[in-house]
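Trainee: Curious how this folds, go ahead:
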Amino acid sequence: DFLEISFIGGEPLCEFPLLMRLTEWVRRQKFTLPHILYATTNGTLLDDNKKDWFAAHKDEFVLGLSYDGLFFAQDKNRSASSSLVDLDFFLRTWPSQSLKMTIDESSVAYLSQNIITLHERGALVSANCACGMPDWKKASWNEYARQLKKLVKFYLTHPQYKPINLIGDFDLI
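Mentor: Numbers count the residues shown, from 1 in each chain. Down below sits the predicted model:
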């Protein structure tokens, strides 16, 4: 058993002082279960001060990064944020934490390239399709299938990388 205290919705780093206080509060509690604090971020508000704090607290507070792969995919899906995100900080600080990639019709053509690029940078990747996927055009579904085939070939020839699970998304057709 394990207790995860998660902060979701919006951008948690907008409330960084509150996250610090909550971390101190949790530390003072007498939980009978092992626990961790967790928040997903887009990484754009992570300045040097916050990086120092999170690095010092990395064993009790994990930041999950929403990141979509190649710079142009990140910029298109996440408001031109690729230059604002220190991807290496996340990879170095939480090497076993997957990056969270969102796939939509505008990025499906780059799916395998995005995932392979992140793997080659040392990242674990967790990908999911954006809401509204059943409304995709047939061409997008066909491209999704092509991209999955490329990923299968990649994983078969590169067993050192942990494959992502995207096959279950076909249940939405």
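Trainee: Got phi/psi on the residue nearest the centre of the chain?
Mentor: Residue closest to the mean C-alpha point of the chain, counted by CA atoms, centre = their mean, is residue 100 at 2.0 Å. Main-chain dihedrals, residue 100, degrees, to the nearest 10: phi -100, psi 110.
Trainee: who touches it in this structure?
Mentor: The neighbourhood of residue 100, defined by CB atoms under 8 Å, 6 or more residues apart in numbering, consists of 40, 64, 65, 66, 67, 126, 127, 128. C-beta coordinates here come from the backbone N, C-alpha and C atoms, glycine included.
Trainee: same deal with residue 154?
Mentor: By CB under 8 Å, 6+ apart, the contact set of residue 154 is 112, 116, 161.
Trainee: Output these in JSON lines, with neighbour count, distance to residue 82 and pLDDT appended to each entry.
Mentor: Below are the contacts of residue 154 laid out as JSON lines (neighbours: other CB atoms under 10 Å; distance: CB to CB, whole Å; pLDDT from 0 to 100):
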{"residue": "112", "neighbour count": "19", "distance to residue 82": "19", "pLDDT": "95"}
{"residue": "116", "neighbour count": "19", "distance to residue 82": "17", "pLDDT": "95"}
{"residue": "161", "neighbour count": "18", "distance to residue 82": "22", "pLDDT": "92"}
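Trainee: closest to residue 53 among those residues?
Mentor: Using CB to CB, residue 161 comes nearest to residue 53 of these, at 31.0 Å.
Trainee: and the closest one, what does it touch?
Mentor: Residues near residue 161 by CB under 8 Å, 6+ apart: 119, 154, 155.
Trainee: how does it look with 6 Å?
Mentor: residue 119 (CB atoms under 6 Å, 6 or more residues apart in numbering).
Trainee: Would you quantify the distance from it to residue 91?
Mentor: Remark: distance between residue 161 and residue 91 (CB to CB, to the nearest Å) = 14 Å.
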